[in-house]
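In: Turn this into a model:
(2 chains)
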Amino acid sequence: MSKPQNPESWQYRALNAINPGLDYLSDALIGLVEEGYPIVAGSADLQYSNGLNKFARAYPDKYVQFGISEQNMVSAAAGMATTGVIPFVATFASFLGLLCCEQIRMDVAYCKLPVRLIGHHTGISLGFYGTSHHATEDISTMRALANLTVISPADGAQLAAAIRASVNWPDPIYFRIGRGRDPKVYEDDVTFVIGKAIEHRRGTDATIIGCGWPVHGALQAAERLGLEGKSIGVIDMPTIKPLDREAIIAAARRSKILITVEEHNVIGGLGAAVAEVVADEGLGVRVVRHGIYDEYSLIAPPTHLYAHYQLDGPGIEEVTRRALAKVN
Amino acid sequence: MSTVTQERQGALSPSELARLREKAQFVRLETIRLIEIAKTGHYSSVFSCAEIFSALYYDVMSLRKNEPAWADRDRFTMGKGHAAVGLFPILADYGFIDRETLDGYTRLGNPLGDHPDMTKVAGIDFSSGSIGHALSNGAGMAKAAQMNARAFKVFTLLGDGEMQEGQVWEAALFAAHHKLSNLIAIVDRNGYQLDGKVDDVIGIESLADKWRAFGWETYEVDGHDLMALVPLLRRIKHDSARQKPACIIAKTIKGKGVSYMETEPGWHLGYLAPDDGRRAIEEIKSKEI
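Out: Residues are numbered from 1 along each chain as shown, chains lettered A, B, ... in the order given. Next up, the predicted model:
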């Protein structure tokens, strides 16, 4: 898709019409600037994809264009952070979490600088753009970096709340976000506490623990299974690191089975993180890790991919039924 | 508290020259002393940039003794982080590192290792060790200074082998595009990297043409000639009309000051046995560079 220069053009409006959640990122950052926080935003030739063009128009002197130089962007953001500003730099999650992994490790995480990394269009949300643009390994790479906080909001409202919550967070953060088409899970006035899970419902048969886009589907699945008399809990786990271990322990003690859902490889992601807690604590509950099963995802429109990989409501319902059949 | 003056302009006076020579000699001698503790180190990588260290830290950069975090200080980032053993004695000289810490170089739990670490060592403006990041780090500092109307300058020392890293050229494009005239890169063009001559490994010439083509005001200078290097750095630092970042390609000799290192590239990483160490110290003390 072309990148219209005129924000009032039909192309621009068309872009925003299909990605209604794009404004959340810019609006949250504009809000922080207006409150006096020393925010700087930057992107690598993707301001129309991540919506930061809105921030750039509002505060051109606080926006940095890096061009298609993602590694330079990360290292330069770290340099900026040493001077007292809080840089938010954004690019596709597939590039940020993998191409820039070493720059994030050395310059951001190890040096413990308050850089905010925004990996957008994560998971399989880029659909037919293909494997190069899918990010199904970024949770595993980012959570393996010491000092780095990893946050995967379920929708735009939660992203905005997480950004607001991050202003006084001392550590660097990797935000893993969608493409602005996420189905709505939260109201716009939702609050966010870094490191705290959100328990949507409690269940004794199973608890589904999710992050990102699949949280919406998990809620739909639990609702439908509930109508059949099954007791299914749902926990949104937007902070993957530091992980809310207490929420996992409580769910494991309450439920016969834990099911994790994420648009990520089942290796190294949220499911692995949950399984680590279950093993560490000797909780003895089965953990079904649902996601992308160690493969490169197919090409298709995003909604078709979410259906194919059973990450939407009907898919998660089916996965949950299969899991319940194993324990009953 | 004393500020290294930022007003010095023009040519070096004889007394200034003598002082900077003495500081470069101090860097070389301290490097030998500290590597004796670790029993292995990058002598020759330091010796090629000893005059550059001396020029920056004892003449050109605005710094305050005992105030490593002074907000308006000039910044230094270091692509060739493996030469940090030559920088640590300078930081100790500034009171940023205490003597006991310096003398415990590389010992268990000591913050001073082969590469500079900003999380452990006051006065290190950015950590390094992974080649190719430092110009980006410096460009970020310079961009933030430009955006917030702050006057400090950023000096980045790069190895010539480092020119093989793609990220260097990303940063070079970025700095030129954003007109970061407050960013000054110095390439220590000593001609060698681990596997041999830089231009045998992956050639980087014509280097000055490359930097010019990337939009940098580019100079070539003998990196050991303080009479040439220091006035050039002074002029670049204070040239307020310049709209470009500046690059100095400093032609240097790896191992400069110790004859048997100057002719043997294997000294990139090594250890001087006591006899050789004594010879090296005598040479450094007896020669005027």
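In: On the three-state scheme, the residue in the stretch 51-200 of chain B positioned nearest to chain A is what?
Out: For the stretch 51-200 of chain B, the residue closest to chain A is B:Gly140, as judged by C-beta to the nearest C-beta, at 2.7 Å. The way it works is simple: take the backbone N, C-alpha and C, and place the C-beta from them, glycine included. Following DSSP: H, G, I helix; E, B strand; the rest coil, B:Gly140 is assigned to helix.
In: dump the residue contacts of it.
Out: When contacts are counted by C-beta atoms under 8 Å, 6 or more residues apart in numbering or on different chains, B:Gly140 touches A:75-82, A:87.
In: Next, the closest residue to it other than its chain neighbours: phi, psi?
Out: Of all residues not flanking B:Gly140 in the chain, A:Gly79 sits nearest, at 2.7 Å (C-beta to C-beta, 6 or more residues apart in numbering or on different chains). Listed backbone geometry of A:Gly79 is phi -60, psi -40, with angles given as degrees, to the nearest 10.
In: For A:Glu318, see how far away A:Gly79 is.
Out: 49 Å (C-beta to C-beta, to the nearest Å).
In: what about the two, which has more around it?
Out: Using other C-beta atoms under 10 Å in any protein chain shown, the more surrounded residue of A:Gly79 and A:Glu318 is A:Gly79, with 32 against 12.
In: The more buried one contacts B:Leu135, correct?
Out: No. Using C-beta atoms under 8 Å as the test, A:Gly79 is too far from B:Leu135 to be in contact (9.5 Å).
In: tell me, what's touching the two both at once?
Out: Counting by C-beta under 8 Å, 6+ apart, the residues touching both A:Gly79 and B:Leu135 are B:Thr77.
In: ok, back up a step: filter the contacts of B:Gly140 down to the ones in helices?
Out: A:75-81 (DSSP state H).
In: distance of whichever residue of chain A sits closest to chain B from A:Pro87?
Out: Per C-beta to the nearest C-beta, A:Gly79 is where chain A lies closest to chain B, at 2.7 Å. A:Gly79 sits at a distance of 9 Å from A:Pro87 (criterion: C-beta to C-beta).
In: Just the buried subset of the contacts of B:Gly140, written out for ChimeraX, thanks.
Out: The ChimeraX command for the buried members of the contacts of B:Gly140 (criterion: 16 or more other C-beta atoms under 10 Å in any protein chain shown) is given here:
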select /A:75,76,77,78,79,80,81,82,87
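In: Adding pLDDT as columns, could you present the contacts of B:Gly140 in CSV?
Out: Shown next, in CSV, are those (pLDDT from 0 to 100):
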residue, pLDDT
A:Ser75, 98
A:Ala76, 98
A:Ala77, 98
A:Ala78, 98
A:Gly79, 98
A:Met80, 98
A:Ala81, 98
A:Thr82, 98
A:Pro87, 98
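In: For B:Ala175, state which of the contacts of B:Gly140 is nearest.
Out: For those, the minimum distance to B:Ala175 (C-beta to C-beta) is 9.2 Å, reached by A:Ala76.
In: what helix or strand does A:Ile208 sit in?
Out: Secondary structure from DSSP states H and E places A:Ile208 in strand A:206-210.
In: Would you tell me what the next helix or strand after the host helix or strand of A:Glu262 is?
Out: Per DSSP H and E, A:Glu262 falls inside strand A:257-265. Toward the C-terminus, strand A:257-265 is succeeded by helix A:270-281 as the next helix or strand (DSSP H and E).
In: For that following helix, buried residues please.
Out: For helix A:270-281, the neighbour count (16+ other C-beta under 10 Å) marks A:270-275, A:277-278 as buried.
In: what pLDDT, on average, does that helix get?
Out: When pLDDT is averaged along helix A:270-281, the result is 98.
In: contact partners of whichever helix or strand comes after that helix?
Out: Per DSSP H and E, the first helix or strand lying C-terminal to helix A:270-281 is strand A:286-292. Residues from elsewhere that reach strand A:286-292 (C-beta under 8 Å, 6+ apart): A:124, A:136, A:256-266, A:269-272, A:274-275, A:278, A:309-311, A:316, A:319, A:323, A:326-327.
In: Just the buried subset of those, please.
Out: Buried, going by 16+ other C-beta under 10 Å: A:124, A:136, A:256-266, A:269-272, A:274-275, A:278, A:309-311, A:316, A:319, A:323, out of the contacts of strand A:286-292.
In: filter these down to the ones near chain B?
Out: Among the buried ones among the contacts of strand A:286-292, no residue sits close to chain B (C-beta under 8 Å from any C-beta of the partner chain).
In: quick one, helices of the stretch 151-289 of chain B?
Out: Remark: helices assigned in the stretch 151-289 of chain B by DSSP state H, counting those that start in this stretch are B:166-177, B:198-201, B:207-213, B:226-238, B:259-262, B:274-286.
In: Phi first, then psi, for A:Pro302.
Out: Reported as degrees, to the nearest 10, the phi and psi values for A:Pro302 are phi -50, psi -50.
In: re the thing from before, let me see the mean pLDDT of the strand holding A:Glu262.
Out: The average pLDDT for strand A:257-265 rounds to 98.
In: and that strand, what other elements does it pack with?
Out: helix A:138-143, strand A:206-210, helix A:214-227, helix A:245-254, helix A:270-281, strand A:286-292, helix A:313-327 (3 or more C-beta pairs under 8 Å, 6 or more residues apart in numbering or on different chains; DSSP states H and E).
In: And for the fourth one, what's in contact with it?
Out: Same thing as helix A:245-254. A:196-197, A:199, A:202-204, A:207, A:209, A:233, A:235, A:237, A:258, A:274, A:277-278, A:281, A:283, A:285.
In: Can you point out the buried residues in that helix?
Out: A:245, A:247-252, A:254.
In: Likewise for stretch A:179-186?
Out: A:179-183, A:185-186.
In: related to what we said a few turns ago, output the buried residues of helix A:245-254 in TSV, with distance to B:Lys179 and pLDDT appended to each entry.
Out: Below are the buried residues of helix A:245-254 laid out as TSV (distance: C-beta to C-beta, whole Å; pLDDT from 0 to 100):
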residue	distance to B:Lys179	pLDDT
A:Arg245	49	98
A:Ala247	50	98
A:Ile248	51	98
A:Ile249	55	98
A:Ala250	56	98
A:Ala251	55	98
A:Ala252	57	98
A:Arg254	60	97
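In: quick one: contacts of stretch A:298-316?
Out: Taking C-beta under 8 Å, 6+ apart as the rule, stretch A:298-316 contacts A:124-128, A:130, A:179, A:181, A:208, A:213-214, A:216-221, A:224, A:259, A:261, A:263, A:290-292, A:297, A:318-319.
In: at 7 Å instead, please
Out: If you take C-beta atoms under 7 Å, 6 or more residues apart in numbering or on different chains as the criterion, stretch A:298-316 is touched by A:124-125, A:127-128, A:130, A:208, A:213-214, A:217-218, A:220-221, A:261, A:263, A:292, A:297, A:318-319.
In: Over to stretch A:42-62?
Out: A:3, A:7, A:15, A:22-23, A:25-26, A:29-30, A:33, A:39-41, A:63-64, A:66-70, A:73, A:77, A:87, A:89-92, A:118, A:120-121, A:180, B:147.
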